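J.: Any chance you could fold what I've pasted below:
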Amino acid sequence: MWNIFLSFIICIILYPLYIKYASKKQFGQRIRNQGPPQHRIKEGVPTGGGLIFGFVTIVLGLIFRLFSWEFLFLIIGYMFIGLLDDLTKLYRVKTLGLKAREKLFLQTFFLIPFIWSLYQQSSVLHISETITLNLGYFYPIWALIVIIAAANAFNFTDGQDGLAAGVGIIILFFLWIGHYAGVFSFFEGYIEILLGSLIAFLWFNCYPAKVVMGDAGSLFSGAYLGGLFLILRQEILLPVFGGVLVIELLSVVIQVIYFRLTEGKRVFLMSPLHHHFEMKGIPETKITVRLWLLSFLLGILGFFIAVLFWSS
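T.: Purely as a prediction, here's the structure:
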């Protein structure tokens, strides 16, 4: 428990310093012209806030010797990809950042050691405590999909003040509770250091945000969560606990596929889904809180399923 307070205190001290520095260096986010009009006021808000909670999580993980080098390579790599994307948006004076194929290549590269280490241990997919499926040579592909989907889903969800951070906190909270209930068998420090750091970030990221996460933080967080569920061998539960992330990801996939098949028509006014609701005139804060509530309900459902099928 004390790791939560430790990481929170460190981040709560660092964020005002970072916000002041980023503002001075004009390290602020750029807003797409195609985005919701009400987001124009967010132009110039310091970005890259995920670097702070990511850095604190990594340092504490090293101090407490929580991480394998493969997991460390994964989360640092994904934070690097996000940072590179953030810098590309800033200094190339465009908001699109890295190309999709560039991101996919880098994301695949940084997860290879982690997936290989898991595959060396086992290629079994656990449907429940007693039901398993041996994926054999397909396991690395499965694990790759889990991490890339989790990372990009978190990235898509990070589009409103407090939304992604709040959803991440809720997922981590239920994992933390699940550990003490005996349904998640890992050292709780994994969860606690990121949980405390994200709570501190949300302190400054809640509406109206004084700092935003940026791709560095969202890709780091998504890869961290995906990696944790794979370590637990309970990744089948990730779509339940992370149901909001899944919905946001699917809204983008559906929009892109439908747009290409129909030569320009759209299912949603704008994707990800939270922007669709914004375009319909629903206030940002109301959308955020409702998605938090949905995430909390899904957390209860995931916890119930875990207790029912995974309790030892």
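
J.: what's next to stretch 293-302, contact-wise?
T.: Outside stretch 293-302, the residues that touch it by Cβ atoms under 8 Å, 6 or more residues apart in numbering are 166-167, 170-171, 173-174, 237, 240-244. The way it works is simple: take the backbone N, C-alpha and C, and place the C-beta from them, glycine included.

J.: whoops, stretch 171-189 was the one
T.: 3, 61, 64, 66, 191-192, 194-195, 198, 225, 228, 231-232, 234, 241-242, 295, 299-300, 302-303, 306-307, 310-312.

J.: Among those residues, which lie within helices?
T.: Cross-referencing the contacts of stretch 171-189 against helices under DSSP state H gives 3, 61, 191-192, 194-195, 198, 225, 228, 231-232, 241, 295, 299-300, 302-303, 306-307, 310.

J.: Next, the buried residues of stretch 20-27.
T.: Residues of stretch 20-27 classed as buried: 22, 27 (neighbour count, 16 or more other Cβ atoms under 10 Å).

J.: Tell me the gap between that stretch and the middle of its chain.
T.: 24 Å (Cα atoms, centre = their mean, to the nearest Å).

J.: do the same with stretch 220-235
T.: On Cα atoms, centre = their mean, the centre of stretch 220-235 falls 10 Å from that of its chain.

J.: And the furthest pair within the contacts of stretch 293-302?
T.: Pairwise distances across the contacts of stretch 293-302 (Cβ to Cβ) peak at 19.7 Å, for the pair Gly166 and Leu237.

J.: May I ask which helix or strand encompasses Phe53?
T.: Per DSSP states H and E, Phe53 falls inside helix 50-63.

J.: Same question for Leu125.
T.: strand 124-126.

J.: which other residues reach that strand?
T.: 132-135, 139, 142, 233-236.

J.: ok, now stretch 61-76?
T.: 3, 54, 57-58, 60, 110-111, 113-114, 116-117, 147, 187, 189-190, 193, 220, 223-224, 227, 231.

J.: What subset of those residues is buried?
T.: Buried, going by 16+ other Cβ under 10 Å: 3, 54, 57-58, 60, 110-111, 113-114, 117, 147, 189-190, 193, 220, 223-224, 227, 231, out of the contacts of stretch 61-76.

J.: hmm, back to that, following the chain onward from the strand holding Leu125, which element is next?
T.: strand 132-134.

J.: quick one: strands adjacent to that following strand?
T.: If you go by DSSP bridges, strand 132-134 pairs up with strand 124-126 (antiparallel).

J.: Show me what counts as buried in the partner strand.
T.: Buried-residue list, strand 124-126, by 16+ other Cβ under 10 Å: 125-126.

J.: State the mean pLDDT of that strand.
T.: Taken as a whole, strand 124-126 carries a mean pLDDT of 93.

J.: quick one: that strand to chain centroid distance?
T.: Distance, centroid of strand 124-126 to centroid of chain: 23 Å (Cα atoms, centre = their mean).

J.: Also stretch 276-289?
T.: How far stretch 276-289 lies from its chain's middle: 20 Å, per Cα atoms, centre = their mean.

J.: What residues of it count as buried?
T.: Buried-residue list, stretch 276-289, by 16+ other Cβ under 10 Å: 276-278, 284, 287-288.

J.: same deal with stretch 144-164?
T.: Buried residues in stretch 144-164 (16+ other Cβ under 10 Å): 144, 146-164.
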